[in-house]
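K.L.:
Next come a sequence and a model predicted from it.
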Amino acid sequence: MEDEKHLENFQNYVDAEKKIEPKDWMPEAYRKTLIRQISQHAHSEVVGMLPEANWITRAPSLRRKVILLAKVQDEAGHGLYLYSAAETLGADRQMLVEQLLDGTAKYSSIFNYPTVTWADMGAIGWLVDGAAIMNQVMLTRTSYGPYARAMVRICKEESFHQRQGYEAITALAQGSPEQKEMAQDALNRWWWPSLMMFGPTDDNSPNSQQSMKWKIKRKSNDELRQEFVDRTVGQAEAIGLTIPDPDLKWNEETGHYEFGEINWDEFYNVIKGNGPCNRERLKARNEAHDNGEWVREAANAYAKKKKSKAA
Amino acid sequence: MTKEEALLEYCIRLGDDSLILGHRLSEWCGHGPILEEDIAMTNIALDLVGQSRTLLTYAGEVEGKGRGEDDLAYMRSEREFKNALLTEQPNGHFGDTMARQFYFSAYYYFFLQELVNSKDETLAAFAEKSLKEVTYHLRHSSEWVIRLGDGTEESHQKIQESLENLWRYTGELFMTDEVSDMLAKEGIGVDLTQVKQKWDERVKQVLEQATLTLPEGTWMAEGGRKGVHTEHLGYILSDLQYLQRSYPGLKW
């Protein structure tokens, strides 16, 4: 019963900065938006394991290896919390996973780029986790209680990852000429895709307005992107790396950096499935799922046997 | 052979077991049958690589030539690695990985139970810390052997075959030589015959519970402790050591 009165009460409740909890009444569109957003976030964590897992066996020191292992493990953990948060809205984890596997659900496009050198592990931690945090810190204040609480925990771990990534790329930037070149090359390749992580510009983001009204989102794509640029430029300078944008300049008046035009053709192309690794990522997820089917069947069969014995 | 030489060799063997098995498990990362297992296998890999860091660091100290954990992990070649052949066997399917893990963790669990009494304080402290981790590794892999054994017909067949295929690599875990004998006598190392007895009992018990048949083969492969490996190790090292070998002497 979505009559005016329900909607009005809901909006007042949200406006009063109160959290919506699973059993509270909510508009169907609010529920749908959240399920879509939270599950996309969960899928991103899970697919995001792949480009980093790519370098675990080749990490250049045992210390770097355990840091990377722990990071990828955290991501799997984030995937789990987020699927659970989506389940509080009545979604079914298995169904959500099916949507990822058949390509109908989206995940963050950044993970469709390849990790071609070790320096990419530093760049991902620094830039990709750095960009993700901008968004996630905002989401710790999102109007849906379970999502906000999951984000608090996730943010703590993500900011740790961001620092580790920056530390890893700093080691390279201050290392040998080859290492420095590796670091700069990684920044060149990851910079623009990282800016794309915030999504289309505000005037091309039709769903954003409703999400802002419901306080699912609290800052626009462009605001978050600007915050990220402002914060990151100094970090690059501090370690002697150059942001690959000839138009980048400090604007004294606004107190912000101006930056060049994002290649939106590339952005929409990667979303459509034409990124360098879209097919590989989905193939890897599907293979893991298919190869694991007999294992899941066995676990279910065993659990059933145990249950009937106990009964 | 001096006591120090034996101790060095002992630490290298133990460190290599953890490093190579941890490496194998880390290959699963992102490809597990369910997300919970991705977490579990990564967790075990983390424990094992962590253990190898402690042991290789200690090996470097015992050796006294200034080599650290990374020198030992990244700059030794195939014939210098002393891990048991079991630990380098490929992941195969999930059942193969769990069978390998179960055989190894059952051995390591009882091994560490003895090593906590070592007269060498570093090894005793290492054993105490690692025992907590390995207790979980053994529980986790035992539960999977039981689930797969007593799950579906397909899983029963698969895990039975995995256990049969890897059986020939279990004997080496308990083989003794000058190194292990000397250290056992000194109260530094572990008496492997006791470990073997407990391992036999535990394996038999878990397989029974899993409705599986205990493999019967008596021929056992060996070579790892002497640095003569299966063909798989070279490929592991080419991944593991690639960056350090391509850019020698750099800090990462």
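P.N.:
That came in fine, so what should we check first?

K.L.:
contacts, neighbours, all on C-alpha from now
P.N.:
OK.

K.L.:
Buried residues, the longest helix belonging to chain A. List them.
P.N.:
Using DSSP state H, we find that the single longest helix of chain A is helix A:145-173. For helix A:145-173, burial by neighbour count (16 or more other CA atoms under 10 Å in any protein chain shown) applies to A:145-151, A:154-155, A:157-159, A:161-162, A:164-173.

K.L.:
ok, and of those, which contact chain B?
P.N.:
Contacts with chain B are made by A:Ala168, A:Ala171, A:Leu172 out of the buried residues of helix A:145-173, judged by CA under 8 Å from any CA of the partner chain.

K.L.:
pretty sure the first one is in contact with A:Ile124, am I right?
P.N.:
No. Using CA atoms under 8 Å, A:Ala168 and A:Ile124 do not qualify as a contacting pair, with a distance of 10.2 Å.

K.L.:
For B:Thr54, identify the helix or strand it belongs to.
P.N.:
According to DSSP states H and E, B:Thr54 maps onto helix B:35-63.

K.L.:
Name the residues of that helix that are buried.
P.N.:
Buried residues in helix B:35-63, counted by 16+ other CA under 10 Å: B:35, B:37-60, B:62-63.

K.L.:
Skip ahead from that helix and say which helix or strand is next.
P.N.:
Per DSSP H and E, the first helix or strand lying C-terminal to helix B:35-63 is helix B:69-74.

K.L.:
which other residues reach that following helix?
P.N.:
Contacting residues not belonging to helix B:69-74 are listed as A:Ser61, A:Leu62, B:Arg53, B:Thr54, B:Leu56, B:Thr57, B:Gly60, B:Leu240, B:Gln241, B:Gln244, B:Arg245 [CA atoms under 8 Å, 6 or more residues apart in numbering or on different chains].

K.L.:
What score does the fifth one have for pLDDT?
P.N.:
Among the per-residue scores, B:Leu56 holds a pLDDT of 98.

K.L.:
Which residue is the nearest non-sequential neighbour of it?
P.N.:
Leaving out its chain neighbours, the residue that sits closest to B:Leu56 by CA to CA, 6 or more residues apart in numbering or on different chains is B:Glu69, at 4.9 Å.

K.L.:
what about that neighbour, how many neighbours?
P.N.:
Neighbourhood size, B:Glu69 [other CA atoms under 10 Å in any protein chain shown]: 22.

K.L.:
repeat for B:Thr211
P.N.:
If we define neighbours as other CA under 10 Å, then B:Thr211 has 18 of them.

K.L.:
Provide a list of residues in contact with it.
P.N.:
B:Thr211 makes contacts with B:Ile146, B:Gly149, B:Asp150, as judged by CA under 8 Å, 6+ apart.

K.L.:
what does B:Phe126 give?
P.N.:
Contacts here follow CA under 8 Å, 6+ apart; on that basis B:Phe126 touches B:Gln51, B:Thr54, B:Val116.

K.L.:
How much space separates the second one from chain A?
P.N.:
If I follow you right, that is B:Thr54. 11 Å (CA to the nearest CA, to the nearest Å).

K.L.:
what helix or strand is A:Tyr257 on?
P.N.:
With DSSP H and E as the test, A:Tyr257 turns up in strand A:256-258.

K.L.:
what's in contact with that strand?
P.N.:
Contact with strand A:256-258 is made by A:Gln226, A:Val229, A:Asp230, A:Asp247, A:Leu248, A:Lys249, A:Trp250, A:Asn251, as judged by CA under 8 Å, 6+ apart.

K.L.:
Could you do stretch A:210-230 as well?
P.N.:
Here stretch A:210-230 makes contact (CA under 8 Å, 6+ apart) with A:11, A:14, A:30, A:34, A:130-131, A:134-135, A:138-139, A:142-144, A:195, A:198-202, A:208, A:256-257.

K.L.:
can you map out the helices along the stretch 101-250 of chain A?
P.N.:
Remark: helices assigned in the stretch 101-250 of chain A by DSSP state H, counting those that start in this stretch are A:119-123, A:129-139, A:145-173, A:177-196, A:208-213, A:221-238.

K.L.:
ok, how many other residues are close to A:Asn269?
P.N.:
12.

K.L.:
just B:Gly66 next, same as before
P.N.:
Look at B:Gly66: counted by other CA under 10 Å, it has 9 neighbours.

K.L.:
Report the contact partners of A:Thr242.
P.N.:
Taking CA under 8 Å, 6+ apart as the contact definition, A:Thr242 lies against A:Gln184, A:Ala236.

K.L.:
go with 7 Å
P.N.:
For A:Thr242, the contact set (CA atoms under 7 Å, 6 or more residues apart in numbering or on different chains) comprises A:Ala236.

K.L.:
pLDDT wise, what is it at?
P.N.:
pLDDT for A:Thr242: 98.

K.L.:
Likewise for the one 5 residues further on?
P.N.:
The score at A:Asp247 is 98. That number is its pLDDT.

K.L.:
Touching, it and A:Gly260? I think so.
P.N.:
Yes. At 5.0 Å, A:Asp247 and A:Gly260 qualify as touching, with contact defined as CA atoms under 7 Å.

K.L.:
Reduced to three states, what does the residue in the stretch 51-200 of chain A that chain B sits nearest to come out as?
P.N.:
Nearest residue of the stretch 51-200 of chain A to chain B, counting by CA to the nearest CA: A:Arg58, 4.8 Å away. Per DSSP: H, G, I helix; E, B strand; the rest coil, the local secondary structure of A:Arg58 is coil.

K.L.:
Hmm, it is touching B:Ile236, no?
P.N.:
No. Distance between A:Arg58 and B:Ile236: 9.5 Å, which falls outside the contact criterion (CA under 7 Å).

K.L.:
buried stuff in the helix or strand of chain A with the lowest mean pLDDT?
P.N.:
Lowest on mean pLDDT, DSSP states H and E among the helices and strands of chain A sits helix A:208-213, with a mean of 92. Buried residues in helix A:208-213, defined by neighbour count with 16+ other CA under 10 Å: A:Ser208, A:Ser211.

K.L.:
How far does that helix sit from its chain's centre?
P.N.:
Mean-position distance between helix A:208-213 and its chain equals 19 Å (CA atoms, centre = their mean, to the nearest Å).

K.L.:
do stretch A:146-164 as well
P.N.:
From the chain centre to the centre of stretch A:146-164 is a distance of 11 Å (CA atoms, centre = their mean).

K.L.:
Up against chain B, what does chain A have?
P.N.:
Proximity of chain A to chain B is confined to A:49-50, A:53, A:56-58, A:60-62, A:66, A:69, A:73, A:76-77, A:171-172, A:288-289, A:291-295, A:298-299, A:301-302 under the rule CA under 7 Å from any CA of the partner chain.

K.L.:
can you do 6 Å?
P.N.:
Selection of chain A residues close to chain B by CA under 6 Å from any CA of the partner chain yields A:49-50, A:53, A:57-58, A:60, A:73, A:288-289, A:292, A:298-299, A:301-302.

K.L.:
taking these one by one, which sit in helices?
P.N.:
Mapping these onto helices (DSSP H) picks out A:Met49, A:Leu50, A:Ala53, A:Gln73, A:Ala288, A:His289, A:Ala298, A:Ala299, A:Ala301, A:Tyr302.
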